[in-house]
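Student: fold the following and give me the result.
(2 chains)
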Amino acid sequence: ETGVTQTPRHLVMGMTNKKSLKCEQHLGHNAMYWYKQSAKKPLELMFVYNFKEQTENNSVPSRFSPECPNSSHLFLHLHTLQPEDSALYLCASSQGEVRNEQFFGPGTRLTVL
Amino acid sequence: AQSVTQLDSQVPVFEEAPVELRCNYSSSVSVYLFWYVQYPNQGLQLLLKYLSGSTLVKGINGFEAEFNKSQTSFHLRKPSVHISDTAEYFCAVSDGGGATNKLIFGTGTLLAVQP
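Tutor: Next comes the predicted model:
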C-alpha cells in the first residue's frame, strides 16, 4: 500500500450503532487530520494530530472520538450519530510544516439512518 | 481569521476551450496557497501550490495559477481543457505556522467539461 488508505470506503449505520473509521498513511508523515465533507459546504477540519498528540479539536461533538495510537494510524470512533452526520470523511497526512501539502485518502462515505 | 472564497460553484466549458477558476482569500499575514482537485469517489489531490518567489505557478495536468497579492487572488487556469478535467476544484490557504499545517478550504468549483 502506498499513500493514505481509508477503510471502510462505505458505511451505513443506525443511530444507535458504534463503528470506527480507520486511516493509515505510508508516507512517514508526522501529522494526521480528519475532515468532514458535506455537499455544498467547505471541507470542515475536525481533528489534527501531530506526533500522536491531538493539537486541534474544531468543536466536534463528543459522538466523534478520535484515536491516534502512532504517527501512521488514525481512527475515528463513532457512536449515537445523527442523520446530519452523513458525509464523506476524509483523512489526510502531512509532514507538518505549514508549507507542506496534505495528502488525502479516498474517504469513507458514511450514511446514518 | 483567514478565509477563502470561490465565487463560482460550477463552471461549464467546452472541450479544448480555456478555463479560469477564481479564488480569493483574506489574510493579514503571508500565506501559502494551494489548489486541489477531487475526482468522483476519490480524495483530494494537489494540483499546485504557491509558497514564495515567482507569482506564476505551474502544476500537474497543464494547470497553472497566478498569485496576485494586491488583489488577494490565486486564480487557476488551463489553456485547453479535456473531458478528463471534469472534477471539483478546491482552493486552500494555510492558516499560520506552528507544528502542523492547518488548511482553510473554499467551497469548491465544479468544472464540467462538455464535448
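Student: for whichever residue of chain A sits closest to chain B, list each beta-bridge partner.
Tutor: Here chain A gets closest to chain B at one residue, A:Phe104, 3.5 Å apart by C-beta to the nearest C-beta. Using the backbone N, CA and C atoms, a C-beta is placed for each residue, glycine as well. Following DSSP bridges, A:Phe104 is listed with bridge partners A:Ala92.
Student: and it, what does it touch?
Tutor: A:4, A:90-92, B:36, B:43-45 (C-beta atoms under 8 Å, 6 or more residues apart in numbering or on different chains).
Student: one more time with 10 Å
Tutor: A:3-4, A:6, A:33, A:35, A:43, A:90-93, B:36, B:38, B:42-46 (C-beta atoms under 10 Å, 6 or more residues apart in numbering or on different chains).
Student: what about the closest residue to A:Thr7 other than its chain neighbours, neighbour count?
Tutor: In space, and not counting its chain neighbours, A:Thr7 is closest to A:Lys22: 5.0 Å by C-beta to C-beta, 6 or more residues apart in numbering or on different chains. As a burial measure, A:Lys22 scores 16 neighbours (other C-beta atoms under 10 Å in any protein chain shown).
Student: tell me if I'm right that A:Lys22 and A:Arg9 touch.
Tutor: No: applying C-beta atoms under 10 Å, one finds A:Lys22 not in contact with A:Arg9, separated by 11.1 Å.
Student: common neighbours of the two, please.
Tutor: A:105, A:108.
Student: from B:Ala65, how far out is A:Ser76?
Tutor: Residue A:76: Leu, not Ser. 32 Å (C-beta to C-beta, to the nearest Å).
Student: what parts of chain B come near chain A?
Tutor: B:3-4, B:6, B:9, B:31-32, B:34, B:36, B:38, B:41-46, B:48-52, B:88, B:90, B:92, B:94-108 (C-beta under 10 Å from any C-beta of the partner chain).
Student: write a PyMOL command that selects only the buried members of the residues you listed.
Tutor: Of these, the buried ones go into a single PyMOL selection, burial set by 16 or more other C-beta atoms under 10 Å in any protein chain shown:
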select buried, chain B and resi 4+6+31+32+34+36+38+43+44+46+48+49+50+88+90+92+94+95+100+101+102+103+104+105+106+107+108
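Student: where exactly do the strands run in chain A?
Tutor: A:4-7, A:10-13, A:18-25, A:31-37, A:44-50, A:53-57, A:64-70, A:73-79, A:87-94, A:103-104, A:108-112 (DSSP state E).
Student: could the ones you listed go into CSV alongside mean pLDDT?
Tutor: Output for the strands of chain A, formatted as CSV (pLDDT from 0 to 100):
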stretch, mean pLDDT
strand A:4-7, 96
strand A:10-13, 95
strand A:18-25, 96
strand A:31-37, 94
strand A:44-50, 91
strand A:53-57, 83
strand A:64-70, 95
strand A:73-79, 96
strand A:87-94, 95
strand A:103-104, 94
strand A:108-112, 96
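Student: nearest to B:His82, out of those?
Tutor: strand A:103-104 (22.7 Å; C-beta to C-beta).
Student: what does the helix or strand bottoming out on mean pLDDT in chain B rub up against?
Tutor: Least confident helix or strand of chain B, by mean pLDDT, DSSP states H and E, is strand B:103-105 with a mean of 88. By C-beta under 10 Å, 6+ apart, the surrounding residues in contact with strand B:103-105 are A:33, A:35, A:37, A:41-45, A:92, A:94, A:98, A:101-102, B:1-4, B:6, B:25-27, B:31-32, B:34, B:36, B:44, B:90-95.
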